[in-house]
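[1] next one to model:
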Amino acid sequence: MPIKCPSCDGRLMITEVCCSDCKTIVRGGFDLSEFSALPRDEENFLRVFLTARGSVKEVGRQLGISYPTVKARLEALLNALGMGSMRAAARRRRLEILERLERGEIKAGEAVGQLRRLEE
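    Numbering: from 1, shown residues only. Reported below is the predicted structural model:
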């Protein structure tokens with residue numbers, strides 16, 4: 001499922017959902033989860049990881065891949081979800097601050113202060 005606008009690269013939002021049984025339509029603004037952006041192979045890896053209750057050895061057995069490959073794929077999955085490292089978390093927080101500034105939720109001075117505190 002696409003998560004970025006093909007025209008401006010902005011974030012897409014679901015605005016309508018429909019019941020497959022009775023065809024009731026619900027309109028509104030529904031955000032996509034971070035899992036929506038995962039490619040099929042990473043989604044499948046996550047499913048296997050959860051089914052294996054987080055056992056790296058079991059994931060490797062089910063997928064026929066080595067322990068180091070499972071660890072590397074898990075790290076790649078975490079990075080794709082923005083959960084990989086402290087640096088990724090700090091980068092995500094910086095983007096949140098800039099987005100709040102852009103939306104006018106905070107003033108420039110406040111944004112600068114928050115960004116400086118992230119570097120401490």
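[2] how is the protein divided into domains?
    As assigned by automatic domain parsing, the chain contains the domains 1-32, 38-84, 85-120.
[3] buried deepest among the ones you listed, which one?
    Comparing the domains of the chain by mean neighbour count (mean count of other CB atoms under 10 Å), domain 38-84 ranks first with a mean of 14. Heads up, the C-betas are built off the backbone N, CA and C, glycines and all.
[4] a markdown table for the domains of the chain, including mean pLDDT?
    Converted to a markdown table, those look like this (pLDDT from 0 to 100):
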| stretch | mean pLDDT |
| --- | --- |
| domain 1-32 | 87 |
| domain 38-84 | 89 |
| domain 85-120 | 84 |
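[5] who's in contact with residue 84?
    Neighbouring residues of residue 84 by CB atoms under 8 Å, 6 or more residues apart in numbering: 75, 78.
[6] contacts for the lengthiest helix in the chain next, please.
    Ranked by number of residues, the top helix in the chain under DSSP state H is helix 86-102. The contact list for helix 86-102, computed with CB under 8 Å, 6+ apart, reads 79, 82-83, 106-108, 111, 114-115, 118.
[7] check stretch 31-45 too.
    Residues lying outside stretch 31-45 but in contact with it, judged by CB under 8 Å, 6+ apart, are 1, 3, 11-14, 46, 59, 63, 73-74, 76-77, 80-82.
[8] and the pLDDT for the residue most central in space within the chain?
    Geometric centre of the chain, nearest residue: residue 34, 2.9 Å, by CA atoms, centre = their mean. On the pLDDT scale, residue 34 is placed at 78.
[9] mind listing what residue 14 touches?
    Counting by CB under 8 Å, 6+ apart, residue 14 has contacts 29-32.
[10] try it again at 7 Å.
    Contact analysis of residue 14 by CB atoms under 7 Å, 6 or more residues apart in numbering lists 30, 32.
[11] would you map the helices across the protein?
    For the chain, helices defined by DSSP H occupy the ranges 40-51, 56-63, 67-80, 86-102, 108-119.
[12] in JSON lines: these, plus distance to residue 24.
    Output for those, formatted as JSON lines (distance: least, CB to CB, whole Å):
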{"stretch": "helix 40-51", "distance to residue 24": "28"}
{"stretch": "helix 56-63", "distance to residue 24": "39"}
{"stretch": "helix 67-80", "distance to residue 24": "34"}
{"stretch": "helix 86-102", "distance to residue 24": "33"}
{"stretch": "helix 108-119", "distance to residue 24": "42"}
